[in-house]
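need a structure here:
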Amino acid sequence: MKILLAAVTAIGLTGGGVMAVHAAHDQAIIEASLTEEAAIPAQRLVIGLDISKSNPLIDDQQFAEKVAARIANVVRGLGMASEVHVRTFGSYDATSNNFAYDALISVRNRPEHVAEEIQKLIAGTPYLVKSGKWRSQDNTNILAFLDNVGQSIGCAGLPTTVVLASDGIEDSEYVRLQRDGARLPAPDGRPFRGCAEMEILGLGQGTGSPVETTRLRSEWTRWALAAGFHRFVGLNDW
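I've put the predicted structure just below:
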């Protein structure tokens, strides 16, 4: 666990932020032209980790490892000059969610290396919460998190996929989605116009109800397509 915490600290310090990622793109593209991975188009991957109390990711080690492995496999398939951004969310409070990891895939920072770091991080979520390094949160502001992603990272320039490790149960001033008959509000315009895909891994986890999972999938599919995503995938298990 000490190794994990050291890695988390290093990730937070060496990620460099969105501006640094964008600034390094030209060099990464030049380097990519000299490698066999140049044939794989660059993409942008945004990973959101839901650390609200309702999400099994924060206390189910087996589930955290399963999510970590799936997301790491996606990262391993990225081409040169691809971007990877990791954020936590829950409460609508920047001080509770100040972790950020931003990486640019290059010959110096290969996809398998980035994938390994991210896999350790996500698999270590239960420990990070239990140890107090990350604080479990009382609300689940998925919509607000997505709004911030759209404003700060967006979909321009690269095919963009947003993956949320979440139960998908919005619990905020927008809507208490766990209530019978609750509906997600329509998005304001099409903030994710041009984005390739939105995924939720762990949709309905913890509810023990296939009916509830189906309802949540229907709600998020409607919202994601209205917001401009080309495709939505909501997986309870895989």
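
Show me what counts as buried in whichever helix in the chain runs longest.
As assigned by DSSP state H, the longest helix anywhere in the chain is helix 210-227. For helix 210-227, burial by neighbour count (16 or more other CB atoms under 10 Å) applies to Glu212, Thr213, Arg215, Leu216, Arg217, Glu219, Trp220, Thr221, Trp223, Ala224, Leu225, Ala227. All C-beta atoms are positioned from the backbone trio N, CA, C, and that covers glycine.

which residues does the second one contact?
In other words, Thr213. Going by CB atoms under 8 Å, 6 or more residues apart in numbering, Thr213 touches Leu203, Gly204, Thr207, Gly234, Asn236.

Show me which of the residues you listed is closest to Arg193.
Of all the contacts of Thr213, Arg193 sits closest to Gly234, with 20.5 Å by CB to CB.

coming back round to it: which one of the contacts of Thr213 sits closest to Ser54?
Thr207 (9.1 Å).

Could you check how far the longest helix of the chain is from the centre of its chain?
Relative to the chain's own centre, helix 210-227 is displaced by 18 Å; criterion: CA atoms, centre = their mean, to the nearest Å.

What's the first helix or strand after that helix?
strand 231-235 (DSSP states H and E).

pretty sure Glu86 contacts Tyr101?
Actually, residue 86 is Val. It isn't Glu. Yes - with contacts counted by CB atoms under 8 Å, Val86 reaches Tyr101, the gap being 4.1 Å.

can the contacts of Thr213 go into CSV with extra columns for neighbour count?
Shown next, in CSV, are the contacts of Thr213 (neighbours: other CB atoms under 10 Å):
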residue, neighbour count
Leu203, 24
Gly204, 23
Thr207, 18
Gly234, 23
Asn236, 21
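
farthest pair in the buried residues of helix 210-227?
Farthest pair in these, by CB to CB: Glu212 and Ala227, 22.2 Å.

any chance you could map the strands in the protein?
Using DSSP state E, the strands of the chain run over residues 44-50, 83-89, 100-104, 160-165, 197-201, 231-235.

so what's Ile153 up against?
Contacts of Ile153 (CB under 8 Å, 6+ apart): Val18, Arg44, Val46, His85, Thr160.

On the strand side of things, show who the last one bridges to.
When bridges are called by DSSP bridges, Thr160 pairs up with Arg44.

so what's the residue nearest to the spatial centre of the chain closest to, chain neighbours aside?
With distances taken as CA atoms, centre = their mean, Ile47 lies nearest the centre of the chain, 1.7 Å away. Using CB to CB, 6 or more residues apart in numbering and skipping the chain neighbours, the partner closest in space to Ile47 is Val86 (4.6 Å).

Mind pulling the model confidence for the one you found?
pLDDT, Val86: 98.

That one: how many residues sit nearby?
Residues near Val86, counting by other CB atoms under 10 Å, number 25.

again, but for Ala144
The number of residues packed near Ala144 is 17, by other CB under 10 Å.

do the one 5 residues further on as well
The criterion is other CB under 10 Å. On that basis, Val149 has 22 neighbouring residues.

if I look at it, how far off is His85?
8 Å (CB to CB, to the nearest Å).

if I look at those two, which residues touch both of them?
Val46.

my read: the residue nearest to the centre of the chain touches Ile71, true?
Yes - if you go by CB under 8 Å, Ile47 and Ile71 touch, sitting 6.1 Å apart.

Are there residues contacting both of the two? Which ones?
By CB under 8 Å, 6+ apart, the residues touching both Ile47 and Ile71 are Ile118, Ile122, Val163, Ala165.

Counting neighbours, which of these comes out on top?
That'd be Ala165 among the shared contacts of Ile47 and Ile71, by other CB under 10 Å, with 28 neighbours.
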